[in-house]
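Colleague: Have a look; sequence and predicted model below, questions after that.
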Amino acid sequence: MRNRLIVMARAPRYGVGKRRLAAGAGELAAWRFQRINLSRLLRRLGRDPRWQLSVAVTPDDGALPRDAGRIARQPQGRGDLGARMGRALSAAPGGPTILIGADIPAISPAEIARAFQLLGGNDWVFGPAEDGGYWLIGARRRPHLRLPFAGVRWSHPDTLADTLANLKTKRVAFVAQLADVDEVSDLRGLDVGVSRLVSNAPAAAA
């Protein structure tokens, strides 16, 4: 069964999303980051034949950046993050399925491939985030998928710990810890190429 990779993404819209980043860097920089990082991520991961890539987008009618290429999209639907991730995992055809966030510039094909490799001998795989959450979650989906999101405190230092507490009887593996971009200080820490694009990208809407 084919590996499936789903990017959980908010459609880039000026003045919507990345509120903490916008508070420090301004609305334009926050919008540019969302648009540029999502485009780069989808182009980088969409070329790899080791998985089938799609995007679960919110809002449900949200449009992806034109320069991201032609990628299958699906609505995230209603509910908190756990409900939306659970819906994406449950709706995927059988086989190893991984969800990732769209705000982590350091995601690489090698790290995704490592996560799929780990699912060969584990039930679940996680990519921890520096803030206590996770940028990646993957399920082996054999034979039935029991979601681990009950009682999880989202956007909390114990988000990962809460999720793992629901998986005590399962085999769990981990890939590298990465950082997402929430604050203006995170934006300054990006590689020079991304930082320049965020600062100088044209203001035309995607």
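Modeller: Now that the structure is in, tell me what you want to look at. These numbers come from a predicted model, not from an experiment.

Colleague: is it true that residue 127 lies in a helix?
Modeller: No - counting by DSSP: H, G, I helix; E, B strand; the rest coil, one finds residue 127 to be strand, located in no helix.

Colleague: shouldn't residue 101 be in contact with residue 180?
Modeller: Yes - the criterion here is C-beta atoms under 8 Å, and residue 101 meets it with residue 180 at 6.3 Å. Yep, even glycine has a C-beta here, placed from its N, CA and C like the rest.

Colleague: where do the contact lists of those two overlap?
Modeller: By the contact definition C-beta atoms under 8 Å, 6 or more residues apart in numbering, residue 101 and residue 180 are jointly contacted by residue 135.

Colleague: Burial check on residue 6, number of neighbours?
Modeller: The number of residues packed near residue 6 is 24, by other C-beta atoms under 10 Å.

Colleague: so it sits in a strand?
Modeller: Yes - membership of residue 6 in a strand is supported by three-state DSSP.

Colleague: Do I have it right that it meets residue 102?
Modeller: No - look at residue 6 against residue 102 with C-beta under 8 Å: they stay out of range, at 10.6 Å.

Colleague: give me the low-pLDDT residue ranges for the protein?
Modeller: Along the chain, segments meeting pLDDT under 70 span 142-143, 189-206.

Colleague: make it 90
Modeller: Along the chain, segments meeting pLDDT under 90 span 1, 15-30, 32-33, 36, 47, 63-71, 92-95, 103, 141-145, 179-206.

Colleague: which residue ranges form the strands in it?
Modeller: Secondary structure of the chain by DSSP state E: the strands cover 4-10, 52-58, 72-75, 97-101, 124-128, 134-139, 172-174.

Colleague: can I get those strands in TSV with distance to residue 150?
Modeller: Converted to TSV, the strands of the chain look like this (distance: least, C-beta to C-beta, whole Å):
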stretch	distance to residue 150
strand 4-10	19
strand 52-58	20
strand 72-75	23
strand 97-101	17
strand 124-128	15
strand 134-139	15
strand 172-174	16
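
Colleague: Helices of this structure, start to end?
Modeller: With helices called from DSSP state H, the chain shows them at 19-25, 27-46, 81-91, 109-118, 159-165, 184-188, 192-200.

Colleague: which stretch among these comes nearest residue 175?
Modeller: helix 109-118 (5.0 Å; C-beta to C-beta).

Colleague: Need the nearest residue in space to the residue nearest the centre of the chain, chain neighbours excluded.
Modeller: Residue closest to the average C-alpha location in the chain (C-alpha atoms, centre = their mean): residue 101, at 1.1 Å. Leaving aside its sequence neighbours, residue 101 sits nearest to residue 135 (C-beta to C-beta, 6 or more residues apart in numbering; 4.9 Å).

Colleague: What about that neighbour, how many residues nearby?
Modeller: 26.

Colleague: now do the one 5 residues further on
Modeller: Applying the criterion other C-beta under 10 Å, we find 20 residues in the vicinity of residue 140.

Colleague: now residue 35
Modeller: 24.

Colleague: Against residue 67, how distant is it?
Modeller: Distance from residue 35 to residue 67, counting by C-beta to C-beta, to the nearest Å: 9 Å.

Colleague: Residue 23 too?
Modeller: Distance from residue 23 to residue 67, by C-beta to C-beta: 27 Å.
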